[in-house]
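Asker: The sequence and its predicted three-dimensional model are supplied below.
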Amino acid sequence: MPPKQYQNPPSLLLDPKSRYSANIKTNHGDMTLQLLPAEAPRTVNNFVFLARDEFYNGGVFHRVIKDFMIQGGCPKGDGTGGPGYRFPDEEVKRPYTKGTLAMANAGPNTNGSQFFIVHGANVGLPPNYTIFGQLISGEDVLDTLANVPVTAGGGGEQSRPTDTLEIISIEIAEEPIASNEA
């Protein structure tokens, strides 16, 4: 079955009175990330939409570079696919430290479905990749995924995992923000 494709980015579905987290279930364990809709509302909205529509289910982390990042979200599993649309970047307001969740892209304003989770302490990337979440549990799983053996990928980069790193599902949790937290 071909991957799901969409005509346009999703309409806004986030509730500004809620906080969101994502639990990425993998064949090596779970990682939970706090999403950052106040910093990247369009990107969080996109990720929540795709996760709830089960776009990521059964996908893989197709690109792994130890001490740098793990990348997933490509429906083709090789880094060449997306959801059928692109959407603009949002301002990056923090550094790319370990556990940062950010959008992968092919240049300015080419966001779609691919994302990465930073594995290195501070990887020194330029602010070209919208940050929209932070790992809050499952650092051991991130370490396990980032340390799998790799081989040369399509472009010759040593980043294709030799084992399947399956994204079983991404479950979104939404909880109201207490009135005294607003």
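Answerer: That came through fine.
Asker: buried stuff in the top helix by length along the chain?
Answerer: Secondary structure of the chain read by DSSP state H shows that its longest helix is helix 41-52. Within helix 41-52, the residues that count as buried by 16 or more other CB atoms under 10 Å are Arg42, Thr43, Val44, Asn45, Asn46, Phe47, Val48, Phe49, Leu50, Ala51. Heads up, the C-betas are built off the backbone N, CA and C, glycines and all.
Asker: Wasn't Leu135 part of a helix?
Answerer: No - counting by DSSP: H, G, I helix; E, B strand; the rest coil, Leu135 falls outside a helix, being strand.
Asker: Can you list the helices and strands that the longest strand seen in the chain packs against?
Answerer: If you go by DSSP state E, the chain has its longest strand at strand 166-176. Secondary-structure packing of strand 166-176 (3 or more CB pairs under 8 Å, 6 or more residues apart in numbering; DSSP states H and E): strand 18-26, helix 41-52, strand 59-65.
Asker: how about low-confidence regions in this structure?
Answerer: For the chain, applying pLDDT under 70 flags the ranges 1-2, 181-182.
Asker: And the residue nearest the centre of it?
Answerer: By CA atoms, centre = their mean, the chain has its centre lying nearest to Phe115, at 3.3 Å.
Asker: ok, that residue touching Asn46?
Answerer: No - with contact defined as CB atoms under 8 Å, Phe115 does not count as touching Asn46 (9.8 Å).
Asker: so what's Asn16 up against?
Answerer: Residue 16: Pro, not Asn. Applying CB atoms under 8 Å, 6 or more residues apart in numbering to Pro16 gives the contacts Pro37.
Asker: Give the helix, strand or coil label for it.
Answerer: Going by three-state DSSP: Pro16 is coil.
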